[in-house]
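Peer 1: Predicted model and sequence follow; I will ask about them next.
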Amino acid sequence: MAKSLTTKKQRLESGELAQRSFDDYVPTCKRLIKSFGKSRLVADLRPADFEKLLTALAKKWDPVRLGNQVNRTHVVFNYATKNGLLDKPIVYGEGFKRLFLFEQIATITTPLARGLRAVNGYSQLS
């Protein structure tokens, strides 16, 4: 994860990455290390590990923040895959994915969200 952050830092310094985005990656990496363990081999991670992480975060975060965390997690591990740091890609499992906009809207119960669902034909998600 350190190499991923180093590359993100370089992209920040070159203007290719916003400060806010970089600031989001640091706690993401810390959270992954805390969740999976500092000495855990990435090759040993299984879908159940990602499901456990998602379940824990879903208890305290809204769907948008949760989706952003899932996305950043994918970015961190994709960096390792694309740069030859892993022998094979990570298998996250079917449940560890970012929700699409209509799925996010379906989880919100405000009148505005109900109206958006109805207008866009997603009322069946209510």
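Peer 2: Received the coordinates, thanks.
Peer 1: Name the residues of whichever strand or helix holds residue 11 that come out as buried.
Peer 2: Following DSSP states H and E, one finds residue 11 within helix 2-13. Applying a neighbour-count criterion of 16 or more other Cβ atoms under 10 Å, one finds 4-5, 8, 12 buried in helix 2-13. All C-beta spots, glycine's among them, are computed from the backbone N, C-alpha and C.
Peer 1: Quick check: which helices or strands does it pack against?
Peer 2: helix 19-36, helix 63-82 (3 or more Cβ pairs under 8 Å, 6 or more residues apart in numbering; DSSP states H and E).
Peer 1: possible to save these as CSV with mean neighbour count?
Peer 2: Below are these laid out as CSV (neighbours: other Cβ atoms under 10 Å):
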stretch, mean neighbour count
helix 19-36, 14
helix 63-82, 17
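Peer 1: I'd like to check the angle between the helix holding residue 11 and helix 63-82, please.
Peer 2: Angle between the axes of helix 2-13 and helix 63-82 is 110 degrees (criterion: axes from the mean of the first three to the mean of the last three Cα atoms, to 10 degrees).
Peer 1: Give me the contact list for helix 2-13.
Peer 2: When contacts are defined by Cβ atoms under 8 Å, 6 or more residues apart in numbering, helix 2-13 is touched by residues 17-19, 21-22, 25-26, 29, 75-76, 79-80, 83, 85.
Peer 1: what's the offset of it from the middle of its chain?
Peer 2: How far helix 2-13 lies from its chain's middle: 18 Å, per Cα atoms, centre = their mean, to the nearest Å.
Peer 1: now stretch 10-29
Peer 2: In terms of Cα atoms, centre = their mean, the centre of stretch 10-29 is found 15 Å from the chain centre.
Peer 1: domain ranges for the chain?
Peer 2: Using automatic domain parsing, the domain ranges for the chain come out as 2-95, 100-126.
Peer 1: Lowest mean pLDDT across the ones you listed, which one is that?
Peer 2: If you rank those by mean pLDDT, domain 100-126 sits at the bottom with a mean of 52.
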